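Peer 1: Sequence first, predicted model second:
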Amino acid sequence: MKPRGNIMDYKIIKTSQAARGQQYCVKLKFENGTEITRRLSGFFPTADKFDNETQKYQNQAHLAVLNIIQDLQRSGPPVKGKYQTCDKAMNAYLDHYEQTRKRPRYKYQYHGQHFIKHFGDMRLSKLDDTAVRGFVEAMIQSESNYSFDTIRLAVAFGSGLIEFLRDYDNWSGPNPFHGILRRYAHRFPAPPPRNSRISDEDWARIRNTIQDARYRKAALFIETARCTGLRPEEIYHLNTQNLDRQNASWTFTVTKTKGRTFNRSIALPHCLIAFLDAAGVNGSMPAETTVRRHLKKLSADIGIKLTPKMFRKDFACRMEEAGASPDMINLHQGRAQTGVLYQHYITDPNRAVRLCRPYIYKMFDESEGKSQD
């Protein structure tokens, strides 16, 4: 093979993948005309193109490129075969995932364990299409009766491992996990329709039971979820210091799965503010592990299966009943608005508070100023 020679030029471009979304990468051009591409870990687009990013952002990206070039010049291409077996490679990927996504490992390691349990210390060189099809078949036929979502996530982590090896271990072949589930779509029946709306009778049982002092922390979570429709992770990180009682709004910091953070504000019903004040909440909300433990006990007492996410779904149903359009529901619940209009023109931080407040008041039978409960 003709030597590549020195690096003559590079260009920072955007790449798009189904698993990661858009991300910046650098395309390096060598003397012999060959080109290689390396992703810039942690650099995600905030503008329509790289030249429109802030100067500080561009300088950091160029510094990351310089580090990549220095690594290539110092040691050449990554050593092929750094990870020899499937279990060691997956454990390395899980560690990398924890560092880059900034999420506790216990939340996702379950999906990687399916891969480790099936392949074990099998050599990576044998990880081909036939082996992956055997992996999917084993999960489908397992006595554990895994759902489609469980198998999909296990396959997604396998695909992420291959992309990780492509970056750090010079994996040169195709990704055997890509599109594998399309061959098995007919094996999974369509899920039965399910109503996410919690009935008024069930709400009455839940709210009557959580008045018991034993369920104080569960009550804080449930009432906050019932009145805000936030994700469980967002509720765990709420702080009353950011609660605006005069304007009935709450501002909090959201961390996306890829590490980016931003502030979001939502409108609140006055009954939630009165509840938090009466409960003496001052500071942060209860921790996630505590809430899950209390919800499990509460479910056993009232005979209703409670999960942290079900209250967010119920809120969306009740907001629709109050007359809100899907766009308003998405705006309040923080689902991404990716259009150019919302990214570059409508940037009012209180937009969700202003537009969604009438629906919040209608949901909880409140007037503009006070609760009617």
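Peer 2: Everything's here; your move.
Peer 1: residues contacting residue 250?
Peer 2: 228, 238, 242, 243, 244, 265, 266, 268 (C-beta atoms under 8 Å, 6 or more residues apart in numbering). All C-beta atoms are positioned from the backbone trio N, CA, C, and that covers glycine.
Peer 1: What does the closest residue to the last one other than its chain neighbours show for phi and psi?
Peer 2: In space, and not counting its chain neighbours, residue 268 is closest to residue 248: 4.9 Å by C-beta to C-beta, 6 or more residues apart in numbering. Reported as degrees, to the nearest 10, the phi and psi values for residue 248 are phi 50, psi 60.
Peer 1: Residue 248: how many residues sit nearby?
Peer 2: 21 (other C-beta atoms under 10 Å).
Peer 1: quick one: pLDDT of residue 18?
Peer 2: On pLDDT, residue 18 comes in at 46.
Peer 1: so where's the chain uncertain?
Peer 2: 1-5, 16-21, 71-81, 102-103, 169-170, 256-260, 288, 336-347, 368-373 (pLDDT under 70).
Peer 1: And it, what are its domain boundaries?
Peer 2: What automatic domain parsing lists as the domains of the chain is 7-75, 86-187, 200-363.
Peer 1: before we move on, back to that, my read is that the residue nearest to residue 268 contacts residue 273, right?
Peer 2: Yes - assessed by C-beta atoms under 8 Å, residue 248 is found in contact with residue 273 at 6.6 Å.
Peer 1: quick revisit: turn the contacts of residue 250 into CSV, including secondary structure, neighbour count and distance to residue 30.
Peer 2: Output for the contacts of residue 250, formatted as CSV (DSSP: H, G, I helix; E, B strand; the rest coil; neighbours: other C-beta atoms under 10 Å; distance: C-beta to C-beta, whole Å):
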residue, secondary structure, neighbour count, distance to residue 30
228, helix, 24, 54
238, coil, 22, 51
242, helix, 13, 51
243, strand, 19, 56
244, strand, 14, 56
265, strand, 19, 49
266, strand, 24, 51
268, coil, 23, 58
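Peer 1: Which element is encountered next along the chain beyond the host helix or strand of residue 89?
Peer 2: In this structure, residue 89 sits in helix 86-101 according to DSSP states H and E. Using DSSP H and E, the helix or strand that follows helix 86-101 in sequence is helix 109-119.
Peer 1: quick one: buried residues of that following helix?
Peer 2: By neighbour count on 16 or more other C-beta atoms under 10 Å, the buried set for helix 109-119 is 109, 111, 112, 114, 115, 116, 118, 119.
Peer 1: and which of those is nearest to residue 197?
Peer 2: residue 111 (29.7 Å; C-beta to C-beta).
Peer 1: so that closest one touches residue 153, yeah?
Peer 2: Yes - with contact defined as C-beta under 8 Å, residue 111 counts as touching residue 153 (4.5 Å).
Peer 1: rewinding a little: nearest to residue 193, out of the domains of the chain?
Peer 2: Proximity to residue 193, assessed across those by C-beta to C-beta, is greatest for domain 200-363 (13.5 Å).
Peer 1: For stretch 35-44, measure first residue to last.
Peer 2: The first residue of stretch 35-44 is 22 Å away from its last residue (C-alpha to C-alpha, to the nearest Å).
Peer 1: before we move on, the earlier item: possible to save the domains of the chain as a markdown table with distance to residue 194?
Peer 2: Compiled in a markdown table, the domains of the chain are given as follows (distance: least, C-beta to C-beta, whole Å):
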| stretch | distance to residue 194 |
| --- | --- |
| domain 7-75 | 26 |
| domain 86-187 | 13 |
| domain 200-363 | 10 |
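Peer 1: And for the nearest residue to residue 291 once chain neighbours are set aside, the neighbour number?
Peer 2: Computed as C-beta to C-beta, 6+ apart, the closest residue to residue 291 that is not its neighbour in sequence is residue 221, at 4.7 Å. The local packing of residue 221 (other C-beta under 10 Å) involves 24 other residues.
Peer 1: same check, this time on residue 142
Peer 2: The burial count for residue 142: 13, using other C-beta under 10 Å.
Peer 1: repeat for the one 10 residues further on
Peer 2: Burial measure for residue 152: 14 neighbouring residues, criterion other C-beta under 10 Å.
Peer 1: who's in contact with the closest residue to it other than its chain neighbours?
Peer 2: Distances taken as C-beta to C-beta, 6+ apart place residue 181 nearest to residue 152, at 6.3 Å, with adjacent residues excluded. The contact partners of residue 181, by C-beta under 8 Å, 6+ apart, come to 136, 151, 152, 155.
Peer 1: Packing partners of the host helix or strand of the third one?
Peer 2: For residue 152, the element it lies in under DSSP H and E is helix 148-168. If contacts are counted by 3 or more C-beta pairs under 8 Å, 6 or more residues apart in numbering; DSSP states H and E, helix 148-168 sits against helix 86-101, helix 109-119, helix 129-140.
Peer 1: In a markdown table, list those helices along with distance to residue 253.
Peer 2: Below are these laid out as a markdown table (distance: least, C-beta to C-beta, whole Å):
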| stretch | distance to residue 253 |
| --- | --- |
| helix 86-101 | 16 |
| helix 109-119 | 25 |
| helix 129-140 | 37 |
